[in-house]
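# what's the 3D shape of this:
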Amino acid sequence: MKIEKINDNQLKIIISRTELLRRNIEIDELVNDSSKINSLLTDMMDIVINEFDFKIANSTIVVEAAAATDDDFVLLVTRMGGQTTNDLDSAIHMLTDLLQTRARPKPKPPKILKKPQDKCCFSFDTLDDCILCCNRLLGIFEGESFLAKKNGIYYLALNNTQPIDRPPMAYLEALLAEYGTKCPVSPVFEERLMEHGEVILQNYATIKLAQDI
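Below you'll find the model as predicted:
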């Protein structure tokens, strides 16, 4: 327990979970037994009065409880003018509320579900390989796609946007892998491919290529 003098009329008492354990007090016990909180606060007030010469005669003593960290609690003891009163009851209620909050199990953070990948891109050494692949995709995939050529390599990019009977991307990639090589998909990759490559078919390339067979 740590006691700090803020000014002549106010003291701050910091008590940690370790201190409670040293006193053989569990938080659950404090929550379920207000008499233990009353005893704890009374002991603290005795220390304040006897060791810090904090006179309470002819004064109103207000005790406020607050949380400092996950392990520490703070009690502010304020001496005010007026009739002698020791307002421990309100401190007991405040401290009980804090302890109940600490005693509750912390909710687990919600799991962030990764958005399913809906795009893929494959490269092909020849246009014939790309056409054969699109023929396999006919009737299975009807989403957006484009075909581009860069440095003699053909790139077929698919965006799985079809609203009905959308095939799983894993299935599409398995078919594409029989004819081409998977490429990384990112906005930067697509922009560079569109900017520095030759766009052969910009819309629904898989359908158009399959129809050309």
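# From now on I want contacts and neighbour counts done on CA atoms only, so please keep to that.
Noted.
# all helices for the protein, in order.
For the chain, the helices defined by DSSP state H cover 17-22, 27-32, 34-51, 88-103, 127-137, 169-177, 187-196, 205-211.
# in the chain, which ranges drop under the pLDDT threshold?
Filtered on pLDDT under 70, the chain yields the residue ranges 26-34, 36-37, 56-58, 67-68, 70, 81-117, 163-164, 212-213.
# quick one, domains of it?
Listed domain ranges for the chain are 2-103, 119-211 (source: automatic domain parsing).
# would you turn the ones you listed into a markdown table with mean neighbour count?
Below are these laid out as a markdown table (neighbours: other CA atoms under 10 Å):
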| stretch | mean neighbour count |
| --- | --- |
| domain 2-103 | 16 |
| domain 119-211 | 17 |
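# From what I see, Val74 and Ile13 are in contact.
Yes. Using CA atoms under 8 Å, Val74 is in contact with Ile13, at 5.6 Å.
# who's in contact with stretch 136-148?
154-162, 166-167, 172, 175, 193-194, 197-207, 210 (CA atoms under 8 Å, 6 or more residues apart in numbering).
# again, only using 7 Å
154-162, 167, 197-207, 210 (CA atoms under 7 Å, 6 or more residues apart in numbering).
# Report the beta-bridge partners for Ile15.
Bridge pairing for Ile15 (DSSP bridges) gives the partners Phe73.
# hang on, the earlier thing: please narrow the contacts of stretch 136-148 to those residing in strands.
154-159, 198-201 (DSSP state E).
# what's the closest of these to Met45?
Asn159 (70.2 Å; CA to CA).
# Please name the residues that touch that closest one.
118-120, 143-145.
# From Ser145, how far off is it?
6 Å (CA to CA, to the nearest Å).
# same thing with Arg23?
Counting by CA to CA, the gap from Arg23 to Ser145 is 70 Å.
# What of Leu193?
On the measure of CA to CA, Leu193 and Ser145 end up 13 Å apart.
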